[in-house]
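[1] okay, structure incoming, though there's no sequence with it:
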């Protein structure tokens, strides 16, 4: 499409890396919750997977993703299908969807937590949103995760405090079902890209963001991570991808998503 | 048949211990004027079923709630609902925490008069582990186990619509009617507040009738309350009141719900609306951009 950029932010690197999750999806509803996942799905739809479907985050499917934020009085969004919330579930349960979400905890099984932290279930220390649609998403269609701050509070030792979404945990596998019914794709963080393609669905390092070491990732992950002998560096955005991202995010909301909005290449080697 | 009634008459038909469904979604098209009338009443020990927002937060904080059936409670642009969190973190309420889609299935089962709907949703999660009342069942057609999502029967449903006629034909003209049709069908009694009361002839236009999502037989009472969804939205008539929600959220860290209610609730909806700037100000609130 165009040349690799040399000047890009970590948020932009994450958007481009996360977009890859949707590359081979074909004609499914791509749902990115949060600015970076939404821009990732939108970038995929605008570039290598135009067959993706996307909503306006309200009640219509769009043939072109909406730019994020205020869009001016003359903006007309590209509606193609009414898609109220009840119909979202019809689509979810059909399996023709891939969601990228940002849970508060993720464990070694790929189980995630959006509901409560600490204390007891009857009286949690920190109550969050609730399970939302995570149980249904996780058993019905592929899911990916985005984590803006990779640390051991997110990637927890042991199981999540509350399991909102099913993962590759044999102990929780319902009778007659298979771990292969679960389909967790990419886990993109501010440090690296991972998946659950390791032995026995272990979480595995796929690529390191420029300037990040394996040790850094290990120190910030609360469980054993499978690491190959030669881990590649996450591909830099192309100038063409950066232009698409800028058009999709004209108010630069992506700059607010990762603490300090650091540069994408943290190797300290300059450009 | 004339189903018009006042908000006070609606609340007079509700009783302690009832299971009450509240329509809308998060900060969107909640029957807040009816919720406020409950806040002015002595009702207590309620079980709420809601895609929750400030409706749940306010009723929890005011001590009206015994049990909550929910998938989330959130103001969306303010993700964490402060008073719901307080209620959970102090162990003040019982909960049945389920998936968003399971809530829909529970309402459908209730509407269809069946005890449960089988689904794969919830399998392998704490939704099952934490809800002994939700059973796994064998299928007569395969060797797998499935979730039997129980019917969520409602004693009453509270819904806010854009407009209605006196016979209970209710129109939701906004982009999404959410699950409100299923709330109406799952409930023994369905009470609908509306921004506009229209003559029945209004619906002769097929484009208007197309936005009616349940039959009038499912509507028990109609309450004409312009602006009755405030501070939630009633798109396309008005958006949600961001400054009001910010003040509401801030109140949790300051004077608590008592201070919030003291400042805004008033003795009637008329008083409430005066305190928040009047109906013209409500109708002028811009729609959100997502």
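    Great, that's in hand. Just so we're clear, the structure is a prediction, and the values are computed from it rather than from any experiment.

[2] who in the stretch 151-290 of chain B is up against chain A?
    Residues of the stretch 151-290 of chain B lying near chain A by Cβ under 8 Å from any Cβ of the partner chain: B:175-179, B:182, B:289-290. No exception for glycine: its C-beta is placed from N, CA and C like everyone else's.

[3] closest one to residue A:214 out of those, please.
    Distance ranking of those against residue A:214, using Cβ to Cβ, places residue B:290 first at 38.8 Å.

[4] now the residue nearest to residue A:168 when sequence neighbours are not counted: how far from residue B:179?
    The shortest distance from residue A:168 to any residue other than its chain neighbours is 3.6 Å, reached at residue A:201 (Cβ to Cβ, 6 or more residues apart in numbering or on different chains). Here the criterion is Cβ to Cβ, to the nearest Å. By it, residue A:201 lies 35 Å from residue B:179.

[5] so, in contact with chain B or not, stretch A:82-92?
    Yes. Using Cβ under 8 Å from any Cβ, stretch A:82-92 reaches chain B at A:84-86, A:89, A:92.

[6] mark which of the residues you listed are buried, thanks.
    Buried members of the residues of stretch A:82-92 next to chain B, scored by 16 or more other Cβ atoms under 10 Å in any protein chain shown, are A:84-86, A:89, A:92.

[7] the stretch 151-271 of chain A: strands as residue ranges?
    A:184-189, A:192-195, A:204-208 (DSSP state E, counting those that start in this stretch).

[8] packing partners of the second one?
    Same thing as strand A:192-195. With contacts taken as 3 or more Cβ pairs under 8 Å, 6 or more residues apart in numbering or on different chains; DSSP states H and E, strand A:192-195 sits against strand A:184-189, strand A:204-208.

[9] save these as TSV, and put in distance to chain B, mean pLDDT and mean neighbour count too.
    Below are those laid out as TSV (distance: least, Cβ to the nearest Cβ, whole Å; pLDDT from 0 to 100; neighbours: other Cβ atoms under 10 Å in any protein chain shown):
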stretch	distance to chain B	mean pLDDT	mean neighbour count
strand A:184-189	12	98	25
strand A:204-208	21	98	19
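
[10] just put those strands in TSV and tack on distance to residue A:26.
    Putting the helices and strands packed on strand A:192-195 into TSV (distance: least, Cβ to Cβ, whole Å) gives the following:
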stretch	distance to residue A:26
strand A:184-189	14
strand A:204-208	21
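
[11] residue A:255 is nearest to which of these?
    Nearest of the helices and strands packed on strand A:192-195 to residue A:255, taken as Cβ to Cβ: strand A:184-189 at 17.5 Å.

[12] each with direction, which strands does that closest one pair with?
    strand A:143-147 (parallel), strand A:192-195 (antiparallel) (DSSP bridges).

[13] export those strands as JSON lines, with columns for distance to residue B:9, mean neighbour count and mean pLDDT.
    Listed next are these as JSON lines, based on distance: least, Cβ to Cβ, whole Å; neighbours: other Cβ atoms under 10 Å in any protein chain shown; pLDDT from 0 to 100:
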{"stretch": "strand A:143-147", "distance to residue B:9": "47", "mean neighbour count": "25", "mean pLDDT": "98"}
{"stretch": "strand A:192-195", "distance to residue B:9": "58", "mean neighbour count": "24", "mean pLDDT": "98"}
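
[14] just for chain A, where's the confidence low?
    Counting by pLDDT under 70, chain A contains low-confidence ranges at A:1, A:269-271.

[15] let's go with 90 and repeat that
    A:1-2, A:73, A:268-271 (pLDDT under 90).

[16] what segments of it are helices?
    A:10-19, A:35-46, A:85-94, A:134-140, A:214-219, A:239-248 (DSSP state H).

[17] same list (these) but as TSV, adding distance to residue B:2.
    Formatted as TSV, the helices of chain A follow (distance: least, Cβ to Cβ, whole Å):
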stretch	distance to residue B:2
helix A:10-19	56
helix A:35-46	48
helix A:85-94	31
helix A:134-140	42
helix A:214-219	68
helix A:239-248	52
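
[18] out of these, flag the one nearest residue A:156.
    Closest to residue A:156 of these, according to Cβ to Cβ: helix A:214-219, at 14.3 Å.

[19] just the residues contacting that closest one, thanks.
    Here helix A:214-219 makes contact (Cβ atoms under 8 Å, 6 or more residues apart in numbering or on different chains) with A:150, A:191-192, A:205, A:208, A:225, A:227, A:231.

[20] go again with 7 Å.
    With contact meaning Cβ atoms under 7 Å, 6 or more residues apart in numbering or on different chains, helix A:214-219 is reached by A:191-192, A:205, A:208, A:225, A:227, A:231.

[21] roughly how far is stretch B:42-51 from the heart of the chain?
    Stretch B:42-51 has its C-alpha centroid displaced from the chain centroid by 10 Å (Cα atoms, centre = their mean, to the nearest Å).

[22] ok, and does that stretch reach over to chain A?
    No. Judged by Cβ under 7 Å from any Cβ of the partner chain, stretch B:42-51 stays clear of chain A, getting no closer than 8.3 Å.

[23] compute the first-to-last residue distance for that stretch.
    Start and end residues of stretch B:42-51 are separated by 24 Å (Cα to Cα, to the nearest Å).
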